[in-house]
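In: Starting from these lines, generate the structure:
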Amino acid sequence: MEWSDLKLFLAIARFGTLGAAARSLGLTQPTMGRRLRALETSLGQTLFQRTADGFVLTDEGAAVFSGAERIEEEALAVERVLAGGSRQLDGFLRLSSSDWFGAHVLSPVLAEFSQVHPKVEVELLTDSRLLSLSRREADLVFRIQPFTEAEVISRKLIHIEYGVYISRGAPPPEAGDGAGTRLVTMDEAFGDMPDVGWLQRLLPRADIVMRSNSRDVQAALCANGAGLAVLPRPLGDSFAAIELVDLGEPPPGRDTWVGYHRDMKRLARLRALLDLVIERLAR
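Out: Residues are numbered from 1 along each chain as shown. Okay, here's the model as predicted:
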């Protein structure tokens with residue numbers, strides 16, 4: 001099997017559909033379908049069962065999967081070592097962060113970096129998924145959860161304070177009750193966020209009227225009068241149409257961590273960007 005065939009096979013196995021797998025590899029869905037059929041024909045095996053819910057590995061496909069993952073890890077390790085040895089300040093870097101952190105915290109630093117190192121192309125993915133550093137889905141990751149992977153070098157970058165915001169001029173709620181107060185908060189998938197429980201404790205009778213997994217969307221809803229929202233201070237303070245309110249105690253803040261794969265520690269462009277990020281943001 002060619003390495004390109006293994007990458008195609010692994011993408012389908014992980015995403016479960018031809019469309020999602022094709023997007024991850026920069027291919028079209030018909031191309032993925034043709035190459036999969038050609039691969040199964042050349043092997044004389046059916047690797048996937050086609051179901052209404054997507055592609056499911058057959059027993060033969062499961063046997064191939066375990067071996068393909070080992071080959072992938074070896075190939076990516078070679079790529080990381082070769083990339084990590086590059087000392088030139090040009091090339092490509094992919095970063096990952098939450099949407100609001102990328103827009104309101106990282107963007108000024110990235111703009112400054114591009115002025116100093118114009119030959120380095122930086123791609124910032126604002127995604128709620130935890131992208132894999134070992135599979136080189138990203139080179140530098142910013143997230144609110146500490147890194148636990150042994151192969152990742154990481155540090156706490158910054159502590160972000162949060163605040164309670166209302167549309168400017170709106171009557172503030174009363175702590176301990178909240179009756180009649182409209183809330184804009186996280187969607188249910190992120191219901192375990194510290195600020196969600198804090199808001200429910202301080203305003204137990206308030207009504208949740210809007211949910212979103214995007215802090216930027218929450219801020220926009222709050223600015224347009226949809227309701228009260230708990231927001232990161234760098235985000236909330238940037239909106240002129242909303243203002244802070246005091247409920248007697250501040251909402252819990254969050255730490256942001258930054259990490260990269262240890263094989264990339266000698267990559268000059270990554271080191272230069274990380275040094276600037278730490279200089280401008282670390283506290």
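In: Report pLDDT for the residue lying farthest from the centre of the chain.
Out: For the chain, the largest distance from the centre (Cα atoms, centre = their mean) belongs to Gly44, which lies 39.1 Å off. The model reports Gly44 with a pLDDT of 90.
In: Give the helix, strand or coil label for Phe65.
Out: helix (DSSP: H, G, I helix; E, B strand; the rest coil).
In: any idea how far it lies from Ser96?
Out: For Phe65, the distance to Ser96 equals 25 Å [Cβ to Cβ, to the nearest Å]. C-betas here are computed from N, CA, C, even on glycine.
In: And the closest residue to Ser212 other than its chain neighbours, how close does it get to Arg205?
Out: In this structure, Ser212 finds its nearest non-sequential neighbour in Gln218, 5.4 Å apart by Cβ to Cβ, 6 or more residues apart in numbering. Remark: distance between Gln218 and Arg205 (Cβ to Cβ) = 21 Å.
In: higher neighbour count, those two?
Out: Gln218 (27 against 11; other Cβ atoms under 10 Å).
In: Tell me the helix or strand right after the one helix or strand the more buried one maps to.
Out: Gln218 is part of helix 215-223, with elements assigned from DSSP states H and E. Once the chain leaves helix 215-223, the next helix or strand it forms, by DSSP H and E, is strand 228-232.
In: quick one: that next one to helix 215-223, angle?
Out: Angle, strand 228-232 to helix 215-223, by axes from the mean of the first three to the mean of the last three Cα atoms, to 10 degrees: 140 degrees.
In: Can you give the distance from the helix or strand following strand 228-232 to the centre of its chain?
Out: Per DSSP H and E, the first helix or strand lying C-terminal to strand 228-232 is helix 233-236. Offset of helix 233-236 from its chain centre (Cα atoms, centre = their mean, to the nearest Å): 19 Å.
In: Flag every buried residue along helix 233-236.
Out: For helix 233-236, a neighbour-count test (16 or more other Cβ atoms under 10 Å) marks 233-236 as buried.
In: Then stretch 101-117?
Out: Buried, per 16+ other Cβ under 10 Å, within stretch 101-117: 101-106, 109-110, 113, 117.
In: closest to Ala241 among those?
Out: Nearest to Ala241, judged by Cβ to Cβ, of the buried residues of stretch 101-117 is His104 at 15.4 Å.
In: list the contacts for that closest one?
Out: Shown in contact with His104 (Cβ atoms under 8 Å, 6 or more residues apart in numbering): 232, 234-235, 238.
In: My guess is the residue nearest to Ser212 contacts Phe190. True?
Out: No - in this structure Gln218 lies outside contact range of Phe190 using Cβ atoms under 8 Å: 11.0 Å.
In: so Ala22 makes contact with Leu36?
Out: No - applying Cβ under 8 Å, one finds Ala22 not in contact with Leu36, separated by 10.4 Å.
In: Point out where this structure drops to low pLDDT.
Out: 1, 80-88, 128-130, 134, 175 (pLDDT under 70).
In: Show me the helices in it, by range?
Out: Assigned by DSSP state H, the chain shows helices spanning 3-15, 18-25, 29-43, 59-84, 99-101, 107-116, 194-202, 215-223, 233-236, 268-281.
In: need these in TSV with distance to Leu247, can you?
Out: Formatted as TSV, the helices of the chain follow (distance: least, Cβ to Cβ, whole Å):
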stretch	distance to Leu247
helix 3-15	43
helix 18-25	43
helix 29-43	50
helix 59-84	47
helix 99-101	21
helix 107-116	30
helix 194-202	5
helix 215-223	15
helix 233-236	14
helix 268-281	28
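In: Near Ser154, how many other residues are there?
Out: By other Cβ under 10 Å, the residues close to Ser154 number 16.
In: Show me what the nearest residue to it once chain neighbours are set aside is bridged to.
Out: Leaving aside its sequence neighbours, Ser154 sits nearest to Gly259 (Cβ to Cβ, 6+ apart; 3.4 Å). Beta bridges link Gly259 to Val141, Ser154, judged by DSSP bridges.
In: any idea how far Gly259 lies from Val120?
Out: For Gly259 relative to Val120 (Cβ to Cβ), the value is 19 Å.
In: And for Asp255?
Out: Counting by Cβ to Cβ, the gap from Asp255 to Val120 is 27 Å.
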